[in-house]
Structures are given as structure tokens and as C-alpha cells.
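Peer 1: Sequence unavailable; structure follows:
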């Protein structure tokens, strides 16, 4: 009996379908990882129970060398996925043209080509570029000031309204 056959026999002999493993590597582009369980390396273990090929995906990416629990999809030992994680390196959620990513460096909110970071940078630039014109005082109201870059603030406001949900 070959070593591979013996390893599969040990996996199939378990009393439960779910088994512990250690993450060897992660392929974020494919949404898969390589894990090791009982001395056997298992390739292309899915990071989501369903990979349907559309643009709606949710992945938790485990840290390399962390522990995970692996389960078969529909009791098929050739179709495995990560069911539980001990340590997460990052997460990635994609719903059509909206993307949300989190890792130790921070987070990314993106809708189509717009990002929250770019919106905030443009708002800060508009604030830094604020200038005012003092109008001629009248006898009733006194002097007033007018914001010269109102159009820049309105443009950023419109972008925020298109980017974010709610009132």
C-alpha cells in the first residue's frame, strides 16, 4: 500500500468528517490553501464552502502555520474546505463592484473605482484649500465672508453620497 493510499485510509477511518490541519500556504487569488493533516499535504482546500465563479466572494485568509478545521463538501474527500480558523491574516469580501478588505495594515472600502481613502484625501485637500472672500459690509448685517471653494466641497459631498449608503 502506498503512503498516499495509507494516508487517505487514515483520513477516511475517522469517526467525524471534520479534522484538524495546519496551513502550509495560501493562494489568495484562487481562494484556496494547502494544509497538512496526519503527514499528508492536501492541495486546493477551499477557503469558502462554495466557489461559484461569480464576483460575490467572502474569504477569511488563515495565517500560514495556523490551525484550521477541514471538512468535506457533500462528504466528498476530494472537495475540502476550511470550516474554522484559529488565526486570520486577512479577510476579503466582494459583492459585484464593492470590495471590503481588512488586514494588519488597515482596511479598504472600494465601490467601483472609488475608495474611501481617496474620498477622505480629497476632503482634506478641500479643507486645506479653503479660502474666503470678505464682502462689503452693509449697515444691517455687517460684513460677511464667502467660501471660495464651495464647488470643491459640493463635488466631494456628491462623491460621498454615491459611495456610502443611508441618509
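Peer 2: Sure, I can see it. What you see is a predicted model, and the numbers here were worked out from it, not measured in a lab.
Peer 1: Give me the neighbour count for residue 21.
Peer 2: For residue 21, the count of nearby residues is 22 (other CB atoms under 10 Å). Every C-beta, even on glycine, is put in place using the N, C-alpha and C of the backbone.
Peer 1: again, but for residue 42
Peer 2: There are 20 residues near residue 42, going by other CB under 10 Å.
Peer 1: What is the distance between stretch 20-39 and the centre of its chain?
Peer 2: Distance of stretch 20-39 from the chain centroid (CA atoms, centre = their mean, to the nearest Å) equals 19 Å.
Peer 1: One more: stretch 70-79?
Peer 2: Centre-to-centre, stretch 70-79 and its host chain are 25 Å apart (CA atoms, centre = their mean).
Peer 1: What average pLDDT does that stretch get?
Peer 2: The predicted model assigns stretch 70-79 a mean pLDDT of 84.
Peer 1: residues in contact with that stretch?
Peer 2: 8, 11-12, 17-21, 35, 37, 42, 45-46, 49, 80-83 (CB atoms under 8 Å, 6 or more residues apart in numbering).
Peer 1: which among those residues end up buried?
Peer 2: For the contacts of stretch 70-79, a burial check counting by 16 or more other CB atoms under 10 Å picks out 11, 19, 21, 35, 37, 42, 45, 46, 80, 81, 82.
Peer 1: Out of those residues, which two sit at the greatest distance?
Peer 2: 11 and 46 (16.6 Å; CB to CB).
Peer 1: How much space separates residue 141 from residue 135?
Peer 2: 9 Å (CB to CB, to the nearest Å).
Peer 1: what do you get for residue 64?
Peer 2: Applying CB to CB, the value for residue 64 to residue 135 is 64 Å.
Peer 1: cool, and residue 25?
Peer 2: Separation of residue 25 from residue 135 (CB to CB): 66 Å.
Peer 1: And the helices in the protein?
Peer 2: Remark: helices assigned in the chain by DSSP state H are 3-12, 116-128, 150-163.
Peer 1: Helix or strand with the lowest mean pLDDT in this structure?
Peer 2: helix 3-12 (a mean of 70; mean pLDDT, DSSP states H and E).
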